[in-house]
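Trainee: With the sequence up front, the predicted model follows.
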Amino acid sequence: MKRLHQMISFLILFAIISMISYVFKIILLAPPFAVSAYLITVENRGRFSHPNSLIISYLLVITLTTIFHMLMGTQYLSIYLNVGLVAIFITYSRFRHPPAIALTIFSYIAHNDVLFVESSLMIAVILWFADRIIYYANKNEGNTRNP
């Protein structure tokens, strides 16, 4: 029954992510956020699905991507430097959320800074709140991993 609840939670989050991506006309942002939704619903509070890791990693991606797009545009060097910095951060910091690397790459494919920032922030906050809800629902059932 627990897996069924997890899958239903994932499908609800994926539907919300898809709608936001569709409304903002940046459909390519859905895949990295869908992976995040899966991690927080099925692997709640696992190694790569802690809410602090999710929000910090995505804020880093949004900030770095915006800076690189403003300073260097969308040229190859920009994407290599940006992805490299995000990968280094995720590898060597305690905030490990690998789907953030995919978001960095997709931001260059679906280049629109304002829509990217707005939709990404909105989805990241929704995912963060969803994690909190799932965590406290599991806590009440006695099924939690980490605080």
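Mentor: Nice, thanks for sending it over.

Trainee: Which strands and helices lie in contact with the longest helix along the chain?
Mentor: Ranked by residue count under DSSP state H, the longest helix found in the chain is helix 113-141. On a contact count with 3 or more C-beta pairs under 8 Å, 6 or more residues apart in numbering; DSSP states H and E, helix 113-141 meets helix 2-23, helix 30-42, helix 51-72, helix 99-109. Just so you know, the C-beta spots here come from the backbone N, C-alpha and C atoms, and that holds for glycine as well.

Trainee: What is the neighbour count of residue 65?
Mentor: 27 (other C-beta atoms under 10 Å).

Trainee: Give me the contact list for stretch 112-132.
Mentor: Residues from elsewhere that reach stretch 112-132, judged by C-beta atoms under 8 Å, 6 or more residues apart in numbering: 9, 13, 16-17, 20-21, 24-26, 29, 33, 36-37, 40-41, 44-45, 49, 51, 54-55, 58-59, 61-62, 65-66, 69-70, 103, 107, 110.

Trainee: how far does it sit from the chain's center?
Mentor: Centre-to-centre, stretch 112-132 and its host chain are 8 Å apart (C-alpha atoms, centre = their mean, to the nearest Å).

Trainee: just stretch 2-15 next, same as before
Mentor: The chain centroid and the centroid of stretch 2-15 are separated by 17 Å under C-alpha atoms, centre = their mean.

Trainee: Identify the residues contacting the residue nearest the centre of the chain.
Mentor: Nearest to the mean C-alpha position of the chain, counting by C-alpha atoms, centre = their mean, stands residue 33 at 4.5 Å. For residue 33, the contacting residues are 17, 21, 99, 103, 123, 124, 127, by C-beta under 8 Å, 6+ apart.

Trainee: which two in those residues are spaced the farthest apart?
Mentor: 21 and 99 (14.2 Å; C-beta to C-beta).

Trainee: tell me which of the contacts of residue 33 is nearest to residue 75?
Mentor: Proximity of the contacts of residue 33 to residue 75 (C-beta to C-beta) peaks at residue 103, which lies at 18.9 Å.

Trainee: Nearest residue to residue 55 in space, please, no chain neighbours.
Mentor: Closest residue to residue 55 apart from its sequence neighbours, by C-beta to C-beta, 6 or more residues apart in numbering: residue 128 at 5.1 Å.
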